[in-house]
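Q: Following is a predicted model, sequence given first.
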Number of protein chains: 2
Amino acid sequence: MYSYSEPIARLINRFSRLPGIGPKTAQRLAFYLLNAPAEVSRELAEAILEAREQIRFCQRCCNLTTADLCEICRDDSRQGDLLCVVEEPRDVAAFERLRDYRGYYHVLHGAIKPMEDIGPEQLKIKELLQRLQTEPITEVILATNPTIEGETTAMYLAKLLKPLGVKVTRLAHGLPAGSVLEYADEMTLASALAGRREI
Amino acid sequence: MYSYSEPIARLINRFSRLPGIGPKTAQRLAFYLLNAPAEVSRELAEAILEAREQIRFCQRCCNLTTADLCEICRDDSRQGDLLCVVEEPRDVAAFERLRDYRGYYHVLHGAIKPMEDIGPEQLKIKELLQRLQTEPITEVILATNPTIEGETTAMYLAKLLKPLGVKVTRLAHGLPAGSVLEYADEMTLASALAGRREI
C-alpha cells in the first residue's frame, strides 16, 4: 500500500488529531503548508509553541493571560461587585464583544460532566469561593451554557453560593436550549443578560 | 475592544491563514491546543517544521519525497513505458489506492491558471519533456482534473507531446465535469482509467 513519505504522513496525522479535522482536511492543510512560503509553516509552528509556553491562568479569574493578572482583572474601573461565571475563555470574549457588561469574570474551564468524569473538583470552583471571601462581590451571574452540563453546573454553584448571602442569577432564557453560548448572536446574548433572574 | 492576549491572538491568526479555516475554527483549534497536553502542541509544531525541512521534489517525477528519488520511482518493477501526469502529489495517492495502475507518474504541481497568473513555466513541464527524451515512455496519460484549468493544461500538454511521437491519452469522462479528482470514488476513477482515450 502506497503511503506518503514519513514526514508528510506524520504531519497529516498530527493535524487529524485536532477537533473537527478529518483525514481529508488534514491532508489539505499539510499540502498547503508544504507549498506555501516557508515562513507560513515557521510562523504557525512558532505561534503554537509560544502560546503553549507563555499562556497561563490569571491568578484571580483563571482567564488565559501572559501576566499574573489578565487584562480585565487589571482594569480597576470595572464594577467590583458583579461577577460573571463562564465555562471557557472564549465566553469572556463573547461577553466583551457586547460592550455593556462592566463587571468581572470567573472562568471555570469546563462544566460538570459526569459522563466524562469531570466533577466540580476539576473546575475552578475553589478559586471562585476564595474570591467571594476577599472581594466585594454582591451578585454572581451564572453564565454557563444552556446545555445539560451547563445547567447542572449552574445548579451546583447556586446551591453552593446562595448560603454565602450573595445574589445568584442566571442568564435569561432568551438563549435557545441545547445551544452553545459561543455561537449566540449579540442581540440574543444581550437580551439574555438583561433578563437574567435570581435562582 | 477586548482581545485575547497576544500569543493566543497570534495563534488564532496563524490558524486562520490556512485554507478552509475561518476565525471560529481557528479559535477552537487554538483553545484546543492550549488545553490539550503539551506534547500535542509540541508534536504538531515539530511535524510542521520537519515536513517543511525534509520534504523535497523527486528528481525524476517531482512527487514529494525525503530522498533523491521517491518510493515509486525507486521501484524498478513498474511499467516503464507508461507515464501518468497529475496536478498534485495527492493525485498520485488517489491512483495508488486503486492498485491497478503500474506505470510511473509525473507531478506538475498545479495547472495552468491564467486568472492567477500561473502559466506553463510555473509547472514541472520542462522536467516532463526531459523525461520523454531519456525514458522509454510510449504512452502519457494526462490525468489532470476535469476542471477548466485541468482541461486547459491537458490540451496544452497534448499539443506539446503529440509531435514527439508519444501516444497521449486522457482519463475517460466517467468523472463528473467540474469535480476534483481527489474526491472521486475508486469505482469512478477506475472506470475513467480503463476508458481513457487518445486525444
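A: Looks like it arrived, so ask away.
Q: Stretch A:87-99: which residues count as buried?
A: A:87-96 (16 or more other CB atoms under 10 Å in any protein chain shown). Where C-beta positions appear, they are placed from N, C-alpha and C, glycine not excepted.
Q: whoops, I mixed them up, stretch A:8-20
A: A:8, A:10-12, A:14-16, A:18.
Q: So what are the structural domains in chain A, by residue number?
A: A:6-54, A:76-193 (automatic domain parsing).
Q: Do any residues in the first one lie close to chain B?
A: Right, domain A:6-54. Yes. Using CB under 8 Å from any CB of the partner chain, domain A:6-54 comes into contact with chain B via A:6-8, A:10-11, A:13-15, A:17-21, A:24-25, A:27-35, A:38, A:40-52, A:54.
Q: Over to stretch A:131-150?
A: No. Stretch A:131-150 stays clear of chain B (CB under 8 Å from any CB), getting no nearer than 14.6 Å.
Q: sorry, back to before: what about the buried residues of stretch A:87-99, which are in helices?
A: A:89-96 (DSSP state H).
Q: check these against chain B, which are close?
A: A:89-90, A:92-93, A:96.
Q: okay, the residues you listed in TSV with distance to residue B:148 next?
A: Below are these laid out as TSV (distance: CB to CB, whole Å):
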residue	distance to residue B:148
A:89	45
A:90	41
A:92	47
A:93	42
A:96	46
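Q: of those, closest to residue B:104?
A: residue A:90 (49.5 Å; CB to CB).
Q: Can you read off the pLDDT for the closest one?
A: Note for residue A:90: predicted pLDDT of 87.
Q: these two touch, right, it and residue A:182?
A: Yes. With contact defined as CB atoms under 8 Å, residue A:90 counts as touching residue A:182 (5.4 Å).
Q: Tell me which stretches of chain A form helices.
A: Taking DSSP H as the criterion, chain A contains helices spanning A:6-16, A:23-35, A:38-54, A:89-98, A:125-134, A:148-161, A:186-194.
Q: Tell me which of the ones you listed lies nearest to residue B:68.
A: Comparing the helices of chain A by CB to CB, helix A:6-16 comes nearest, at 15.5 Å.
Q: since we're on residue A:146, how many residues are nearby?
A: 21 (other CB atoms under 10 Å in any protein chain shown).
Q: which non-adjacent residue is nearest it?
A: Excluding the flanking residues, the one nearest residue A:146 by CB to CB, 6 or more residues apart in numbering or on different chains is residue A:175, at 4.7 Å.
Q: hmm, back to that, just the ones next to chain B among the ones in helices among the buried residues of stretch A:87-99 now: which is nearest chain B?
A: Nearest to chain B among those: residue A:96, at 3.4 Å, using CB to the nearest CB.
Q: any idea of the pLDDT on the residue lying closest to the closest one once chain neighbours are set aside?
A: Excluding its sequence neighbours, the residue lying closest to residue A:96 (CB to CB, 6+ apart) is residue B:2, at 3.4 Å. As predicted, residue B:2 sits at a pLDDT of 70.
Q: From what I see, residue B:2 and residue A:97 are in contact.
A: Yes. Residue B:2 sits in contact with residue A:97 when judged by CB under 8 Å, with a separation of 7.4 Å.
Q: check contacts around the residue nearest to residue A:96.
A: The contact partners of residue B:2, by CB atoms under 8 Å, 6 or more residues apart in numbering or on different chains, come to A:71-72, A:92-93, A:96-97.
Q: cool, residue A:45 as well?
A: B:44-46, B:48-49.
Q: Nearest the geometric middle of chain A, what residue?
A: By CA atoms, centre = their mean, chain A has its centre lying nearest to residue A:88, at 1.3 Å.
Q: Please report the distance of that one from chain B.
A: Separation of residue A:88 from chain B (CB to the nearest CB, to the nearest Å) stands at 7 Å.
Q: Now that residue: phi and psi?
A: phi -130, psi 160 (degrees, to the nearest 10).
Q: thinking residue A:83 is in contact with residue A:106, fair?
A: Yes. Taking CB under 8 Å as the definition, residue A:83 is a contact partner of residue A:106 at 5.8 Å.
Q: which neighbours do those two share?
A: By CB under 8 Å, 6+ apart, the residues touching both residue A:83 and residue A:106 are residue A:131.
Q: Could you list every helix and strand in contact with the worst-scoring helix or strand of chain A on mean pLDDT?
A: For chain A, counting by mean pLDDT, DSSP states H and E, strand A:197-198 ranks last in confidence among helices and strands (a mean of 72). Contact here means 3 or more CB pairs under 8 Å, 6 or more residues apart in numbering or on different chains; DSSP states H and E; on that basis strand A:197-198 packs against strand A:167-170.
Q: Mind giving me the packing neighbours of the strand it packs on?
A: Secondary elements touching strand A:167-170 (3+ CB pairs under 8 Å, 6+ apart): strand A:139-142, helix A:148-161, strand A:197-198.
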